[in-house]
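[1] what follows is a protein structure lacking sequence information:
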């Protein structure tokens, strides 16, 4: 591998890693605290394997095409226009679910920050208004400005994460990580699937790495493996320092989980700072992606008449803002919905179905996921199992 190829593979690997690490982390300890470290680690490894395989299935399908394609085009080629419509609908549902979750989470963090600065209890809706104003302004400023702002946030995210781990490890009580509750694993899986969410990048990375299968497989497997290590270490530290009297029932974020019962001020500060960076580094790209998604979907009709981005920004921010105000405390619920339903349908059932059906019509494929038919069938079975359990049809 020459220097140029190494830089490309390294960049693609970090792109996948960066896409995974984000806001889901600050809600993850609330779910893993119920399951315990050992049980949640099992769930984390399962989700890593599941999302890595589904990413490789999307890679296999992408390589069927000579020209550049996106995931919805791949689905349309095998399942027709109805399949494409369902895919676009699921993408929209995923975007809006995450949007509402991030808005709700940012409202909590922003109101907490303002309360700390002013000394007065600031209601959550003020935090939501501040968050909407900031993210909408950055989104309207354009992708270039958003990327520069996001780079600063990513730097803050990295610094606070490592500082928190270094300081937190000194206060970990191993006995607190010994709890085991395998029945609670299913509460961890939906949010973990969101934490490993990168699959929509696979078609772009395929062409970025010039369809070099080995390079792409490396980027997917390692790019997804780095978050696995990050989550496990994060989970170990948070559960190891969690106060014995911490209230899990009413917590939405890790900041609420630790609450005022955590005596180490530096840890509380780092957790709050990390949570803010994690939310915004997820929220801003999601807002830009959602605006671009709606503009692209309307390019043959509405976009010809309306070219001002403010209109599209209003479409995504106003309904989400109102919904979040009317239905508070949605952070974990929306992440559960996005992971347990939308993500499983979009990046579980759909890739497996496309590959199973597509292999029958593709004469020769440059790459096939290991395991033959067994691999996509297992993905289908696991996807159906998660959906049935989440809908209550089957009780774990």
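    Looks like it arrived, so ask away. Remember, predicted model here, so these are calculated numbers, not experimental data.
[2] residues near residue 268, how many?
    15 (other CB atoms under 10 Å). In this view, the C-beta of every residue, glycine as well, is placed from N, C-alpha and C.
[3] any idea how far the helix or strand containing it is from the chain center?
    Per DSSP states H and E: residue 268 is located in helix 265-297. The gap between where helix 265-297 is centred and where its chain is centred comes out at 10 Å by CA atoms, centre = their mean, to the nearest Å.
[4] what comes up buried for that helix?
    Using 16 or more other CB atoms under 10 Å as the test for burial, helix 265-297 gives 267, 270-288, 290-291, 293-295.
[5] stretch 133-144 too?
    Buried-residue list, stretch 133-144, by 16+ other CB under 10 Å: 134, 135, 136, 138, 139, 140.
[6] ok, stretch 84-101 next?
    Going by 16+ other CB under 10 Å, stretch 84-101 has these buried residues: 84, 86-88, 90-91, 93-101.
[7] same question, stretch 191-206
    191-203, 205-206.
[8] same check on stretch 69-77?
    Here stretch 69-77 shows 69, 71, 72, 74, 75, 76, 77 as buried, counting by 16+ other CB under 10 Å.
[9] now stretch 317-332
    For stretch 317-332, by 16+ other CB under 10 Å, it's 317, 320, 321, 323, 324, 330, 331, 332.
[10] wait, which of those residues is closest to residue 40?
    residue 332 (14.7 Å; CB to CB).
[11] show the contacting residues for that closest one.
    27, 30, 31, 101, 191, 252 (CB atoms under 8 Å, 6 or more residues apart in numbering).
[12] SS state for the fourth one?
    What that stands for is residue 101. helix (DSSP: H, G, I helix; E, B strand; the rest coil).
[13] going by secondary structure, residue 210 is in what exactly?
    Using DSSP H and E, no helix or strand contains residue 210.
[14] residues contacting residue 125?
    By CB under 8 Å, 6+ apart, the neighbours of residue 125 are 107, 325.
[15] which stretch of helix or strand covers it?
    helix 124-141.
[16] cool, and residue 47?
    helix 37-62.
[17] and that helix, how far from the chain's centre?
    Worked out by CA atoms, centre = their mean, helix 37-62 lies 13 Å from the chain centre.
[18] residues in contact with the helix or strand hosting residue 192: which ones?
    Applying DSSP H and E as the criterion places residue 192 in helix 185-195. Outside helix 185-195, the residues that touch it by CB under 8 Å, 6+ apart are 20-22, 24-25, 27-28, 31-32, 34-35, 39-40, 42-44, 46-47, 50-51, 98, 227, 231, 332, 335-340, 343-344, 347, 386, 389-390, 396.
[19] among these, name the buried ones.
    Using 16+ other CB under 10 Å, the buried ones in those are 20-22, 24-25, 27-28, 31-32, 34-35, 39-40, 43-44, 46-47, 50-51, 98, 227, 231, 332, 335-340, 343-344, 347, 386, 390.
[20] and the pLDDT at residue 170?
    Looking at residue 170, its pLDDT is 89.
[21] for residue 237, see how far away it is.
    Noted for residue 170: a distance of 10 Å to residue 237, by CB to CB, to the nearest Å.
[22] report the contact partners of residue 167.
    264, 266, 267, 270.
[23] swap in residue 239?
    With CB under 8 Å, 6+ apart, residue 239 has these contacts: 29, 32, 33, 36, 37, 176, 177.
[24] model confidence over the helix or strand that it is a member of, on average?
    Using DSSP H and E, residue 239 maps to helix 213-241. Helix 213-241 carries an average pLDDT of 93.
[25] what's the neighbour count on residue 212?
    Neighbours around residue 212, by other CB under 10 Å: 15.
[26] that one - nearest residue in space that isn't next to it in sequence?
    residue 5 (7.7 Å; CB to CB, 6 or more residues apart in numbering).
[27] secondary structure element for the closest residue to residue 68 other than its chain neighbours?
    Leaving aside its sequence neighbours, residue 68 sits nearest to residue 207 (CB to CB, 6+ apart; 5.3 Å). Element membership for residue 207, per DSSP H and E: helix 202-208.
[28] for residue 162, same thing?
    Residue-wise, residue 162 maps onto helix 143-169 under DSSP H and E.
[29] and that helix, what's buried?
    146, 149, 150, 153, 154, 156, 157, 160, 161, 163, 164, 168.
[30] the fourth one contacts residue 277, doesn't it?
    The reference is to residue 153. Yes - the pair residue 153 / residue 277 is scored as a contact, 5.2 Å apart, by CB atoms under 8 Å.
[31] not counting stretch 50-65 itself, show me its contacts.
    Contacts for stretch 50-65 (CB under 8 Å, 6+ apart): 69, 71, 73-74, 77-78, 193, 196-199, 202-203, 206, 211, 213, 216-217, 220-221, 224-225, 347-348, 351-352, 354-355, 358, 362, 365-369, 375-376, 379, 382.
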